[in-house]
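Engineer: Okay, here's the prediction I keep looking at, along with the sequence it came from:
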Amino acid sequence: MAGTRGTTLTPNELYYGIEKTFSGGERYIWNSQVLKANDIVYSFQNVDTPINYQPAHEAAADSALTVTPTIIKKQIIVCTPSAARNFTTSTAAVIIDGLFGGSSGTASHQVYEMYKLHIINAAAATHAITLVGGSGVTVVGNAVVAANSAASFDISLASATTISALRAS
(Lines give C-alpha, C1' and ligand atoms only; values in the text may rest on other atoms or scores of the structure.)
Protein backbone atom coordinates (compact mmCIF):
# COMPACT_ATOMS: atom_id res chain seq x y z
CA MET A 1 0.00 0.00 0.00
CA ALA A 2 1.28 3.45 -0.86
CA GLY A 3 1.76 5.26 2.41
CA THR A 4 2.71 8.86 3.07
CA ARG A 5 6.46 9.46 3.15
CA GLY A 6 7.19 5.78 3.74
CA THR A 7 4.48 5.21 6.36
CA THR A 8 2.44 2.04 5.90
CA LEU A 9 -0.87 1.52 7.70
CA THR A 10 -2.20 -1.91 8.57
CA PRO A 11 -5.90 -2.74 8.11
CA ASN A 12 -6.37 -2.59 11.90
CA GLU A 13 -5.15 1.02 11.87
CA LEU A 14 -7.86 2.09 9.42
CA TYR A 15 -10.87 1.79 11.73
CA TYR A 16 -13.33 4.55 12.65
CA GLY A 17 -11.82 7.42 14.57
CA ILE A 18 -8.16 6.59 14.06
CA GLU A 19 -5.87 9.58 13.93
CA LYS A 20 -2.41 9.42 12.41
CA THR A 21 0.24 12.12 12.31
CA PHE A 22 2.94 11.64 9.70
CA SER A 23 6.52 12.92 9.54
CA GLY A 24 5.51 16.05 7.60
CA GLY A 25 2.95 16.98 10.25
CA GLU A 26 -0.09 15.92 8.21
CA ARG A 27 -2.96 14.57 10.26
CA TYR A 28 -5.73 12.30 9.00
CA ILE A 29 -8.84 11.25 10.85
CA TRP A 30 -10.82 8.39 9.34
CA ASN A 31 -14.57 8.56 9.61
CA SER A 32 -17.23 5.87 9.61
CA GLN A 33 -17.37 5.58 5.83
CA VAL A 34 -16.26 2.31 4.32
CA LEU A 35 -13.60 2.98 1.71
CA LYS A 36 -12.47 0.80 -1.17
CA ALA A 37 -8.78 -0.07 -1.19
CA ASN A 38 -8.19 2.25 -4.17
CA ASP A 39 -9.72 5.19 -2.27
CA ILE A 40 -7.34 4.62 0.61
CA VAL A 41 -4.32 4.41 -1.69
CA TYR A 42 -5.35 7.50 -3.67
CA SER A 43 -5.97 9.51 -0.51
CA PHE A 44 -2.38 8.97 0.60
CA GLN A 45 -0.65 9.28 -2.76
CA ASN A 46 -1.35 12.96 -3.33
CA VAL A 47 -0.05 14.58 -0.14
CA ASP A 48 1.45 17.80 -1.51
CA THR A 49 -1.56 18.72 -3.66
CA PRO A 50 -5.07 18.65 -2.16
CA ILE A 51 -7.40 16.13 -3.78
CA ASN A 52 -9.76 18.88 -4.97
CA TYR A 53 -6.93 20.96 -6.42
CA GLN A 54 -7.84 22.57 -9.76
CA PRO A 55 -4.85 23.39 -11.97
CA ALA A 56 -4.89 26.46 -14.19
CA HIS A 57 -7.24 25.93 -17.12
CA GLU A 58 -6.05 25.71 -20.71
CA ALA A 59 -6.40 29.05 -22.49
CA ALA A 60 -6.53 27.84 -26.08
CA ALA A 61 -5.28 30.03 -28.90
CA ASP A 62 -7.66 31.06 -31.66
CA SER A 63 -6.72 28.08 -33.82
CA ALA A 64 -7.16 24.33 -34.09
CA LEU A 65 -6.04 22.48 -30.97
CA THR A 66 -4.75 18.99 -30.23
CA VAL A 67 -6.29 17.91 -26.92
CA THR A 68 -3.47 16.05 -25.17
CA PRO A 69 -3.54 14.16 -21.84
CA THR A 70 -1.89 17.21 -20.19
CA ILE A 71 -4.77 19.42 -21.34
CA ILE A 72 -7.39 16.83 -20.27
CA LYS A 73 -5.83 16.75 -16.78
CA LYS A 74 -6.44 20.51 -16.51
CA GLN A 75 -10.16 19.70 -17.08
CA ILE A 76 -11.09 23.08 -18.59
CA ILE A 77 -10.38 24.57 -22.02
CA VAL A 78 -11.40 28.16 -22.71
CA CYS A 79 -11.28 29.58 -26.22
CA THR A 80 -12.62 32.65 -28.01
CA PRO A 81 -12.60 31.56 -31.66
CA SER A 82 -12.89 34.03 -34.54
CA ALA A 83 -13.97 31.20 -36.86
CA ALA A 84 -15.23 27.62 -36.46
CA ARG A 85 -12.50 25.53 -34.77
CA ASN A 86 -11.80 21.82 -34.33
CA PHE A 87 -10.29 20.50 -31.12
CA THR A 88 -8.93 17.06 -32.02
CA THR A 89 -7.99 14.60 -29.29
CA SER A 90 -4.69 12.78 -29.29
CA THR A 91 -4.86 9.15 -30.38
CA ALA A 92 -6.29 6.57 -28.01
CA ALA A 93 -2.80 5.12 -27.44
CA VAL A 94 -1.44 8.51 -26.34
CA ILE A 95 -4.43 9.17 -24.04
CA ILE A 96 -4.26 5.69 -22.49
CA ASP A 97 -0.55 6.10 -21.80
CA GLY A 98 -0.96 9.67 -20.52
CA LEU A 99 -4.12 9.36 -18.43
CA PHE A 100 -4.68 5.76 -17.50
CA GLY A 101 -1.21 4.92 -16.25
CA GLY A 102 -0.30 2.03 -18.49
CA SER A 103 0.86 0.97 -21.87
CA SER A 104 -1.74 1.23 -24.59
CA GLY A 105 -3.25 -2.18 -25.25
CA THR A 106 -2.94 -3.13 -21.58
CA ALA A 107 -5.99 -3.01 -19.33
CA SER A 108 -4.16 -0.99 -16.70
CA HIS A 109 -7.29 0.56 -15.19
CA GLN A 110 -10.90 -0.41 -14.90
CA VAL A 111 -12.98 0.08 -18.00
CA TYR A 112 -15.10 3.25 -17.75
CA GLU A 113 -12.75 5.08 -15.40
CA MET A 114 -13.05 8.68 -16.57
CA TYR A 115 -11.86 12.26 -16.63
CA LYS A 116 -14.10 15.31 -17.03
CA LEU A 117 -13.30 17.80 -19.76
CA HIS A 118 -15.14 21.13 -19.97
CA ILE A 119 -14.91 23.18 -23.15
CA ILE A 120 -15.96 26.82 -22.81
CA ASN A 121 -16.62 28.71 -26.03
CA ALA A 122 -16.38 32.42 -25.24
CA ALA A 123 -17.14 33.61 -28.79
CA ALA A 124 -19.88 36.23 -28.76
CA ALA A 125 -21.71 34.71 -31.74
CA THR A 126 -21.64 32.14 -34.55
CA HIS A 127 -18.23 30.49 -34.13
CA ALA A 128 -18.53 26.91 -32.86
CA ILE A 129 -15.89 24.56 -31.46
CA THR A 130 -16.14 20.89 -32.43
CA LEU A 131 -14.49 18.09 -30.45
CA VAL A 132 -13.08 15.56 -32.93
CA GLY A 133 -11.82 12.14 -31.87
CA GLY A 134 -8.32 11.11 -32.87
CA SER A 135 -7.54 7.53 -33.93
CA GLY A 136 -9.24 5.11 -31.53
CA VAL A 137 -11.26 7.88 -29.84
CA THR A 138 -15.04 7.97 -30.31
CA VAL A 139 -17.01 11.13 -29.56
CA VAL A 140 -20.53 10.20 -28.45
CA GLY A 141 -23.32 12.77 -28.59
CA ASN A 142 -23.24 16.32 -29.85
CA ALA A 143 -19.58 17.22 -30.39
CA VAL A 144 -20.31 20.88 -31.21
CA VAL A 145 -19.92 23.55 -28.54
CA ALA A 146 -21.92 26.53 -29.75
CA ALA A 147 -20.79 30.13 -29.38
CA ASN A 148 -21.24 31.63 -25.92
CA SER A 149 -21.81 28.23 -24.29
CA ALA A 150 -20.00 25.35 -22.66
CA ALA A 151 -20.03 21.56 -22.82
CA SER A 152 -18.79 18.77 -20.58
CA PHE A 153 -17.33 15.53 -21.89
CA ASP A 154 -16.51 12.37 -19.95
CA ILE A 155 -13.24 10.96 -21.29
CA SER A 156 -13.29 7.27 -20.41
CA LEU A 157 -11.39 4.09 -21.08
CA ALA A 158 -13.84 2.10 -23.23
CA SER A 159 -11.52 -0.90 -23.66
CA ALA A 160 -7.82 -1.65 -23.33
CA THR A 161 -7.25 0.11 -26.66
CA THR A 162 -10.10 2.61 -27.14
CA ILE A 163 -11.28 5.86 -25.56
CA SER A 164 -14.80 7.29 -25.44
CA ALA A 165 -15.57 11.02 -25.17
CA LEU A 166 -19.20 11.15 -24.05
CA ARG A 167 -21.05 14.48 -24.15
CA ALA A 168 -22.38 14.92 -20.62
CA SER A 169 -24.01 18.35 -20.97
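Structural biologist: Here it is on my side, so go on.
Engineer: what about the helices in the chain?
Structural biologist: 37-45, 69-74, 92-99 (DSSP state H).
Engineer: lowest-pLDDT helix or strand in this protein?
Structural biologist: The helix or strand with the lowest mean pLDDT-type score in the chain, counting by mean pLDDT, DSSP states H and E, is helix 37-45 (a mean of 48).
Engineer: residues near the spatially closest residue to residue 156 that is not a sequence neighbour, how many?
Structural biologist: Distances taken as C-beta to C-beta, 6 or more residues apart in numbering put residue 114 closest to residue 156, at 3.8 Å, once the chain neighbours are dropped. Using the backbone N, CA and C atoms, a C-beta is placed for each residue, glycine as well. If you count neighbours by other C-beta atoms under 10 Å, residue 114 ends up with 19.
Engineer: Report the contact partners of residue 114.
Structural biologist: By C-beta atoms under 8 Å, 6 or more residues apart in numbering, the contact list for residue 114 reads 154-157.
Engineer: Of the residues you listed, which is the nearest to residue 168?
Structural biologist: Distances from the contacts of residue 114 to residue 168 were compared by C-beta to C-beta; the smallest belongs to residue 154, at 5.2 Å.
Engineer: Would you agree residue 86 is in contact with residue 130?
Structural biologist: Yes. Contact criterion C-beta atoms under 8 Å: residue 86 and residue 130 qualify, at 5.2 Å.
Engineer: Now do the shared contacts for those two.
Structural biologist: What both residue 86 and residue 130 touch, as defined by C-beta under 8 Å, 6+ apart, is an empty set.
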